[in-house]
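**Q** The following comprises the amino acid sequence and a computationally predicted model.
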Amino acid sequence: MGSLLPIGNESPKFAQLYVYDTYNEVQNRLKAFNFDGKNGRLDERIVQELIKMFDELNELVKLFRTARDKFETNGLMNLRMTLLGRQPNDGKQYDEPTSDEIGGLIVGDIGLSDSNRDIIIECKSEGLKRVTKLNPKFMALQYPILFSYGEDGYRPDLKWNQNYKGPKTKRQRVPMRAYIAYQIQEREPRLTMLLKGGRLFQQYLVNSYATVEEDRLDYIRQNQKNLRSEIYKGIYDAISRGDNDANNLGQKIVLSASYTRSPRYMINNYQDAMAICREYGHLDLFITFTCNVKWPEIIREFEKKSGYKPEDRPDIISRIFKMKFDDMLDFIKSGQPFGEVDASKFHKRFFFIIRLFSNFWFFF
């Protein structure tokens with residue numbers, strides 16, 4: 001997040017477009033995407049209608065417009081804006097937000113109102129300020145079209161619904177991964193704006209994945225003692241990679257084997273696979289299972305959704321892939337195609353699968 005006003009003679013960008021030189025806002029927005037004169041497909045009328053929609057519906061935009069009014073009338077150059085990181089009432093999670101619950105304008109020193117999860121926007125400042133992923137307005141600020149009301153996103157103290165019957169965490173709070181999975185589910189009779197985002201929805205999914213991974217890494221970083229990382233001194237790791245420099249030894253942040261795709265995760269899977277090979281011999285099949293967007297199940301699903309392309313709904317593609325993958329595993333384990341399996345985690349004489357680089361090994 002940058003400042004409310006641009007520095008020097010710079011053109012306004014991002015949130016500054018809501019505050020600075022709003023009389024020419026349409027042209028400023030078009031210029032931001034057509035600075036080289038090569039993008040001639042931008043429609044000025046669509047931009048005008050989007051600005052009108054945000055001014056009427058989006059509470060975040062209304063807060064920025066309030067800052068604009070203050071600058072135009074009083075010229076307050078020490079004005080700051082704060083976006084609150086904690087909401088006062090959990091019961092209003094799914095209600096439309098109001099401006100007084102989001103934040104406010106402060107003249108002069110912020111003082112004790114500052115919080116590590118609040119977003120403090122200065123009047124003029126160089127550089128960008130990092131916005132924590134735990135702020136409830138994190139996604140609404142980045143994707144105003146997908147969250148047109150400026151509604152809340154994930155926050156750490158979000159509670160489970162009282163009627164929820166599925167597995168819950170020990171803390172009785174909704175984890176970030178579960179919240180995002182809930183957001184991208186289809187709910188009849190209508191689809192949410194999020195699922196209609198096209199390429200913007202793809203970008204949202206990538207951003208959400210990176211946010212979840214960052215949250216997992218933050219937990220590991222902050223809970224090293226609880227993860228029993230004191231048993232890792234770095235000596236065995238250094239020997240395994242041939243490091244003879246004692247200055248490089250020591251304990252830093254340890255990624256446990258439970259973190260998917262970490263070095264210890266890969267080594268553990270490799271050692272498990274070699275142990276199975278020593279017991280049952282070399283593998284018989286090495287199968288790579290891939291997805292085809294021309295599968296009849298995928299084509300049939302998109303026939304119900306006119307205007308969509310397979311790349312617009314990666315959630316549907318991944319779900320169908322998972323169902324067909326599970327069906328393939330059940331078919332192999334049934335013994336019909338290759339006979340009884342010799343190794344499995346589910347029977348005494350069983351079959352074993354290890355997932356490395358999207359490949360699957362089978363032992364019979």
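**A** Yep, it's here.
**Q** Could you chop the chain up by domain?
**A** Per automatic domain parsing, the structural domains of the chain span 1-131+140-145, 257-362.
**Q** nearest to Met193, of those domains?
**A** Closest to Met193 of the domains of the chain is domain 1-131+140-145 (C-beta to C-beta; 7.7 Å). For the C-beta atoms, the positions are set from N, CA and C on the backbone; glycine is no exception.
**Q** ok, back up a step: can I get the domains of the chain in JSON lines including mean pLDDT?
**A** Formatted as JSON lines, the domains of the chain follow (pLDDT from 0 to 100):
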{"stretch": "domain 1-131+140-145", "mean pLDDT": "74"}
{"stretch": "domain 257-362", "mean pLDDT": "77"}
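**Q** so can I have a markdown table of those showing mean neighbour count?
**A** Shown next, in a markdown table, are the domains of the chain (neighbours: other C-beta atoms under 10 Å):
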| stretch | mean neighbour count |
| --- | --- |
| domain 1-131+140-145 | 15 |
| domain 257-362 | 13 |
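**Q** Now those in CSV, please, with extra columns for distance to Phe201.
**A** What follows is the domains of the chain, written out as CSV (distance: least, C-beta to C-beta, whole Å):
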stretch, distance to Phe201
domain 1-131+140-145, 9
domain 257-362, 7
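**Q** To Lys165, which of these lies closest?
**A** domain 1-131+140-145 (19.0 Å).
**Q** Just the endpoints, please. Distance across that closest one?
**A** 18 Å (C-alpha to C-alpha, to the nearest Å).
**Q** cool, and stretch 16-27?
**A** By C-alpha to C-alpha, one end of stretch 16-27 lies 14 Å from the other end.
**Q** what residues does it touch?
**A** 2-6, 12, 28-29, 32, 44, 47-48, 51, 61, 64-65, 67-68, 71 (C-beta atoms under 8 Å, 6 or more residues apart in numbering).
**Q** before we move on, the earlier item: compare the domains of the chain and report which one is nearest to Asp152.
**A** domain 1-131+140-145 (6.2 Å).
**Q** How is Arg80 assigned, secondary-structure-wise?
**A** Secondary structure state of Arg80, per DSSP: H, G, I helix; E, B strand; the rest coil, is strand.
**Q** wait, it sits on Lys124?
**A** No. In this structure, Arg80 is not within contact of Lys124 by C-beta atoms under 8 Å, at 10.5 Å.
**Q** how about stretch 181-195: buried residues?
**A** Going by neighbour count (16 or more other C-beta atoms under 10 Å), the buried part of stretch 181-195 is Gln183, Ile184, Leu194, Leu195.
**Q** Gly335: which of these is nearest?
**A** Looking at the buried residues of stretch 181-195 and their distance to Gly335, the nearest is Ile184, at 36.8 Å (C-beta to C-beta).
**Q** For that closest one, which non-adjacent residue is spatially closest?
**A** Leaving aside its chain neighbours, Ile184 sits nearest to Asp315 (5.1 Å; criterion: C-beta to C-beta, 6 or more residues apart in numbering).
**Q** same thing with Lys129?
**A** Using C-beta to C-beta, 6+ apart and skipping residues adjacent in sequence, the residue nearest Lys129 is Met1, 5.1 Å away.
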